[in-house]
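Q: sequence first, then the predicted structure, then my questions.
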Amino acid sequence: MDANTETVSTARTRALATEAVHAGREDLAGLGLHAAPIDLSTTYPSADSRGEAARVDAFAAEGILDEGPPVYARLGNPTVARFETALARLEGTESAVAFASGMAALTAVLLVRGSAGLRHVVAVRPLYGCSDHMLTAGLLGTEVTWVDRWEGADGTDAEGPDGGGAESLGKAIAEAVRPDTGLVMVESPANPTLAELDLAAVAEACGEVPLLADNTFATPVLQRPAESGARLVLHSATKYLGGHGDVLGGVVACDEEFARRLRQVRFATGGVLHPLAGYLLLRGLATLPVRVRAASATAAELARRLAADPRVERVHYPRLGGAMVAFEVYGDPHEVTAGVRLITPAVSLGSVDSLIQHPASISHRIVDAGDRHSSGVSDRLLRMSCGLEDVEDLWSDLDRALGPVSPPSADGDRRRSRGSEARHTAGAS
């Protein structure tokens, strides 16, 4: 067996931080290399056309491609394969398949299930705005049934503090599943509210239907959804996996059987990850644990300060932790994004520098306003991705951008009281 294809079970003897540095690179020393090579070839010469025909037939029939040259770049690329191997090891899955973007990865999953006649999707809001739009608009011939994470089938709070939420949500998901359901899709922590789900309970409710968990916000540093029963783990690799705001990509971590189908779709649709992007993502994984933990500590501190600020109505920060924090302001959120100087007012997340954006205007603008509001995405919500800057510098910038504290009034006192109450339970948001 090639050193680069070491089994997951063997790899689990090493810590995540060690895997992040070494997975996908085990063979380099034997090749006399220290950095992973970038293979930019679009085609691979072979004098054995009969052998190539047999390999192409095997790929077309079963999605199998042996360890020989990949014939053509849409079939595979050695540099990208290193990243796929490393990500699968970090997520604890058999395989991973990389794509040109996170949306290309989701498209491939939907096409795989649709090709089997399973075009119905059960999904839980909120999701990333473009994922929501793709499902709602039926762009790929899919039909979606939305399950509101705030309210289960029996009308109870699906994430309530009484602990009954997971059961209610699981019941609602199970009731929404049909014979033609091909997928259940969730995001936890969710974009942009950071609402969390009990992934194990959701997976149990899915029965035989595959659960796809978008793990972009948490990364395998904070959770590995496959360990909770998710068959498919989706990442916008553009975000934390790359980590520097300079590479676009997506990836699905899954079992090898599903990976074969995904590779077939990738070949047919052309949504391949560029080799240079594969190299940058592999390099990004090496520092992923360090970056996520450092940025998470900053986010937790900013969430604490925001929760005590009278200019802030409510703070959303997950129990799981992480480098994202969302908050609703009493004032004009547009003035906050316009007022920052150190923090970058831009969409996206997961970079070494901090970003802030107004979801109702950008990332979730494409979602119907009523659907946004019902899933907890208010018009005063701001989403911040914390980077690696010093927390005091970030707080100074936020404090200035939030503007002056309004003078106290009876109405203001009541609003602040409600806000403080909401912040007290923000960890469950």
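A: On my side now, so go ahead.
Q: where in this protein is pLDDT low?
A: Within the chain, the stretches with pLDDT under 70 are 1-12, 150-165, 407-429.
Q: mind listing the strands in the chain by residue range?
A: For the chain, applying DSSP state E gives strands covering 95-99, 120-125, 143-148, 181-187, 211-214, 232-236, 250-254, 312-316, 324-329, 344-345, 355-357, 381-385.
Q: closest to Arg266 out of those strands?
A: Closest of the strands of the chain to Arg266 is strand 95-99, at 6.3 Å (criterion: CB to CB). To be clear about C-beta, it is placed using only N, CA and C from the backbone, and glycine gets the same treatment.
Q: can I get the CA coordinates of that closest one in PDB?
A: Output of strand 95-99 as PDB, limited to C-alpha atoms (Å, rounded to 0.1, in the frame of the first residue of the first chain):
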ATOM      1  CA  SER A  95     -12.500   9.000   1.500                       C
ATOM      2  CA  ALA A  96     -12.900  12.600   0.400                       C
ATOM      3  CA  VAL A  97     -13.600  14.100  -3.000                       C
ATOM      4  CA  ALA A  98     -12.600  17.700  -3.700                       C
ATOM      5  CA  PHE A  99     -14.400  20.200  -6.000                       C
END
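Q: that strand pairs with which strands, parallel or anti?
A: strand 250-254 (antiparallel) (DSSP bridges).
Q: got the angle between the strand it pairs with and strand 232-236?
A: 160 degrees (axes from the mean of the first three to the mean of the last three CA atoms, to 10 degrees).
Q: distance between strand 250-254 and the chain's centre?
A: 10 Å (CA atoms, centre = their mean, to the nearest Å).
Q: next: stretch 90-102.
A: 11 Å.
Q: stretch 179-191 now?
A: That offset, for stretch 179-191, works out to 12 Å (CA atoms, centre = their mean).
Q: quick one: end-to-end distance for it.
A: In stretch 179-191, first residue to last residue: 29 Å (CA to CA, to the nearest Å).
Q: pretty sure Thr193 sits against Val325.
A: No: assessed by CB atoms under 8 Å, Thr193 is found out of contact with Val325, at 11.1 Å.
Q: now do the shared contacts for the two.
A: The contact sets of Thr193 and Val325 overlap at His316 (CB atoms under 8 Å, 6 or more residues apart in numbering).
Q: quick revisit: which one of the strands of the chain lies nearest to Lys171?
A: Of all the strands of the chain, strand 143-148 comes closest under CB to CB, at 9.8 Å.
Q: got the angle for the closest one vs strand 181-187?
A: 40 degrees.
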